[in-house]
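> Could you work out the structure for the sequence below:
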Amino acid sequence: MENPKNRNRNSFIFSSMDEEQNDFYPIIADGDDDELFSAQVPEVLPILPLRNAVLFPGVVMPISVGRSKSLSLVREAYNGSKLLGAVAQRNGQIEDPLLSDLYPVGTMAEILKILEMPDGTTTVILQGKKRILVEKPVVFDTYLKAVVHALPEAVSDTKSHEFFAIIESLKDFSLKIAKSSANIPPEAQFAVRNIENVTFLVNFICNNTELSTTEKQDLLECNDIKDRSTKLLSLLMREVQMLELKKDIQQKVKIDLDQQQREYLLHQQIKTIQDELGGSPGATGD
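Below you'll find the model as predicted:
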């Protein structure tokens, strides 16, 4: 698969996602905040329901599309404005969701590429552009369409020492998690170290950290990047604590097993010596 790139921006590979279920790696381009803030949102957008995934602005993510309505949506959108609303389902098990089955906040996305895969599946490369609020459905038979409007992006003081400390902590914790997870490829560490724009970096980590859909949705609904960063940091701290606890438990179990093994070997050695001497301790022979 070709890695889509935008002009001279760098693209980074991270972890595999599991929406309508794809086996590819999400990518992020390290861009400028103006690209996210200045995106124009049309009044009505076709709505692509996402199962077990949340798309953040700036992130480029491959989605494997299998539902007939979704296929019709992405093909028609690709031949038109290339824009759609990517909105997470509240319950990923629902096959034919209504608008009421989706979260109210999603992300306007641009279709960068549609790939017909060798196994017969269709993969759509989406890039998140701007957060949207889904207001009400538009009567349409083929697939979901809705009236939407753009959500404001509040900008905190990203130059403060406090915010700098939060970002550095996010990097540290996400790298620690990446090193401990078998599901995250080595490229993840390269990406986290090299994405310079803090908004893109925070959204990148939000999109690809192994959190629940509900937790990611909560992060997406934060209007302020500092609030999103603070919530994300709390979640990553929890994940690191869980990893350390699991490591401690595994180490304790290993120590216990080693002690049992030593006792077993010692018992076997004593038994062997006793057998060679012809009996148990205290026994006498003629």
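> Now Thr122, what are its backbone angles?
Dihedral pair for Thr122: phi -120, psi 130, per degrees, to the nearest 10.
> okay, now it: neighbour count?
Using other Cβ atoms under 10 Å, Thr122 has 17 other residues around it. Heads up, the C-betas are built off the backbone N, CA and C, glycines and all.
> OK, contacts around it?
By Cβ atoms under 8 Å, 6 or more residues apart in numbering, the contact set of Thr122 is Ser64, Val65, Gly66, Leu71, Val74, Ile114, Leu115, Glu116.
> Just give the nearest non-adjacent residue to the fourth one, would you?
Just to be clear, that refers to Leu71. Leaving aside its chain neighbours, Leu71 sits nearest to Val65 (5.6 Å; criterion: Cβ to Cβ, 6 or more residues apart in numbering).
> residue boundaries of the helices in the stretch 1-150 of the chain?
Listed in chain order, the helices of the stretch 1-150 of the chain (DSSP state H, counting those that start in this stretch) span residues 33-37, 68-78.
> Tell me which of the ones you listed sits most buried.
Neighbour counts (mean count of other Cβ atoms under 10 Å) averaged over each of the helices of the stretch 1-150 of the chain peak at helix 68-78, with a mean of 18.
> Which strands and helices lie in contact with it?
Contacts defined by 3 or more Cβ pairs under 8 Å, 6 or more residues apart in numbering; DSSP states H and E place helix 68-78 against strand 44-50, strand 83-88, strand 105-116, strand 122-137.
> export it as PDB, just CAs?
The C-alpha trace of helix 68-78 is given here as PDB (Å, rounded to 0.1, in the frame of the first residue of the first chain):
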ATOM      1  CA  SER A  68     -22.900  -1.700   1.200                       C
ATOM      2  CA  LYS A  69     -24.100   1.700   2.400                       C
ATOM      3  CA  SER A  70     -20.600   2.700   3.400                       C
ATOM      4  CA  LEU A  71     -19.200   1.600   0.000                       C
ATOM      5  CA  SER A  72     -21.800   3.600  -1.800                       C
ATOM      6  CA  LEU A  73     -21.000   6.600   0.400                       C
ATOM      7  CA  VAL A  74     -17.300   6.600  -0.100                       C
ATOM      8  CA  ARG A  75     -17.400   6.000  -3.800                       C
ATOM      9  CA  GLU A  76     -19.900   8.800  -4.400                       C
ATOM     10  CA  ALA A  77     -18.000  11.200  -2.100                       C
ATOM     11  CA  TYR A  78     -14.700  10.400  -3.800                       C
END
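> got the angle for that helix vs strand 105-116?
Inter-element angle recorded for helix 68-78 and strand 105-116: 90 degrees (by axes from the mean of the first three to the mean of the last three Cα atoms, to 10 degrees).
> I'd say Asp101 and Arg90 touch.
Yes. The pair Asp101 / Arg90 is scored as a contact, 5.8 Å apart, by Cβ atoms under 8 Å.
> Now for the two: what residues contact both?
In contact with both Asp101 and Arg90: no residue, using Cβ under 8 Å, 6+ apart.
> burial of Arg228, as a residue count?
For Arg228, the neighbour count with other Cβ under 10 Å is 23.
> Which of the three states applies to it?
helix (DSSP: H, G, I helix; E, B strand; the rest coil).
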